[in-house]
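S.K.: Sequence plus predicted model, see below.
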Amino acid sequence: MEFDGKRVLVLGGGNMGCALMGGWLDAGLKPGSLAVVDPHRGDALSALIEGHGIRHETHLPADTSPDVVLVAVKPQMMAEVLPSLAPVLGEETLVVSIAAGTTAAFLARHLGEKPIVRAMPNTPSLIGRGITGAFATDRVSAGQKAVADALLSASGPVEWVESEDLIDAVTGVSGSGPAYVFHLAECLAKAGEAAGLPADLAMRLARHTVAGAGELMIRSDETPAKLRQNVTSPKGTTEAGLKVLMDERDGLPPLVTKTVLAARDRAVALSKD
Ligand SMILES: NC(=O)C1=CN([C@@H]2O[C@H](COP(=O)(O)OP(=O)(O)OC[C@H]3O[C@@H](n4cnc5c(N)ncnc54)[C@H](OP(=O)(O)O)[C@@H]3O)[C@@H](O)[C@H]2O)C=CC1
Ligand SMILES: O=C(O)[C@@H]1CCC=N1
């Protein structure tokens, strides 16, 4: 693995920091090469510390000149946290930030001109089923990009983009996307109740439908459009439902576009806060 022998420091052991660390440990990163800084121990962090013996510190500096630093704190914390990170970095430390809307220029202003990767994973990383969009600045060497790729790939495919702006669009689609899908399951369950089903049965049907359709989409070679057509019998029930859902004016297409653009625009706005 490209990350064999690399020392990795993680700043922020919350949802995403722990999801990514879990993937690295499963992929063979030695616990001794990993240190995490977080003022508190949440459940997920405690499980990693107790299960793998990774090092946890409540404050920087935890390690000096690590090969890689993963910045996994909230965007709003950056201005407070980055000044204490700067002296910890070596000349060639690779900085991988997963924060929405925190630009490479902002990171460089606080950390100096470092090799920086901006990455946008998502929460299915927790079970190795994430997808990550990533952008590397010019200072990132081919070797460092391979290390970043190996680390990020531990939780699912990595899509490298050539323009940093596209990370905001990735955020709107796949970074925030799991929440849209979970909400679809919530809506499906509520609609099932409206159609007369008991709440717990409606929720079971909704969860399994969303999960099963997602799994089929991943395992099948067919496009989502073809899989949809396979469900849709001429003059049948699905056709009647989809007529409402696919309405170009009031249906899902304009609503999802508005949703993704709102999330993308929030990422852009965060970069200006
Ligand atoms: N959640 C998601 O789906 C995704 C999130 N992201 C990005 O990942 C980043 C983290 O998000 P997420 O994991 O959800 O957030 P969390 O709040 O779960 O994790 C952030 C962690 O950072 C800790 N922290 C706070 N201050 C410091 C500090 N000074 N030094 C070190 N750690 C500190 C927090 O501790 P405490 O809770 O005690 O304050 C918390 O444990 C964000 O920038 C977000 O934009 C990217 C992709 C997807
Ligand atoms: O909601 C957020 O800001 C973060 C970034 C992508 C998913 N969660």
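M.R.: Ah, there it is. Numbering: from 1, shown residues only. Ligands and ions are numbered 1, 2, ... in the order given.
S.K.: The residue of the chain at minimum distance from ligand 1: neighbouring residues, count only.
M.R.: Nearest residue of the chain to ligand 1: Gly14, at 1.8 Å (CB to the nearest ligand atom). For every residue, glycine as well, the C-beta is placed using N, CA and C. Counted by other CB atoms under 10 Å, the residues lying close to Gly14 total 15.
S.K.: Val161 now?
M.R.: 16.
S.K.: Equivalent analysis for Pro61, please.
M.R.: Pro61 sits with 14 neighbouring residues when counted by other CB under 10 Å.
S.K.: can you give me the helices for the stretch 151-273 of the chain?
M.R.: 166-170, 177-194, 199-219, 224-231, 237-245, 252-270 (DSSP state H, counting those that start in this stretch).
S.K.: Quick one: residues contacting the residue of the chain closest to ligand 1.
M.R.: With contacts defined as CB atoms under 8 Å, 6 or more residues apart in numbering, Gly14 is in contact with Asp38, Gly42, Ala44, Leu45, Ala72, Val73.
S.K.: what does the stretch 151-273 of the chain put close to ligand 2?
M.R.: Residues of the stretch 151-273 of the chain lying close to ligand 2 (CB under 6 Å from any ligand atom) are Thr171, Gly175, Ser176.
S.K.: ok now do the first one, which residues does it touch?
M.R.: Remark: with contacts taken as CB under 8 Å, 6+ apart, Thr171 is in contact with Ala100, Gly101, Met120, Gly133, Ala263, Arg264, Ala267.
S.K.: 6 Å instead, please
M.R.: With contacts defined as CB atoms under 6 Å, 6 or more residues apart in numbering, the neighbours of Thr171 are Ala100, Met120, Ala267.
S.K.: what does the last one give?
M.R.: In this structure, Ser176 makes contact with Ala263, judged by CB under 6 Å, 6+ apart.
S.K.: Roughly how far does it sit from Ala206?
M.R.: Ser176 sits 20 Å away from Ala206, taking CB to CB, to the nearest Å as the criterion.
S.K.: about what we covered before: most packed of the helices of the stretch 151-273 of the chain?
M.R.: Mean neighbour count (mean count of other CB atoms under 10 Å) peaks for helix 166-170 among the helices of the stretch 151-273 of the chain, with a mean of 22.
S.K.: and the host helix or strand of Val81, is it in reach of ligand 2?
M.R.: According to DSSP states H and E, Val81 maps onto helix 78-85. No - figure legend: helix 78-85 not in contact with ligand 2 (CB under 6 Å from any ligand atom); closest approach 12.9 Å.
S.K.: How far does that helix sit from its chain's centre?
M.R.: 22 Å (CA atoms, centre = their mean, to the nearest Å).
S.K.: Taking helix 252-270 as reference, get the angle to it.
M.R.: Here the directions of helix 78-85 and helix 252-270 differ by 50 degrees (axes from the mean of the first three to the mean of the last three CA atoms, to 10 degrees).
S.K.: tell me which residues of helix 78-85 are tucked away?
M.R.: Met78, Val81, Leu82, Leu85 (16 or more other CB atoms under 10 Å).
S.K.: Noted, bye for now.
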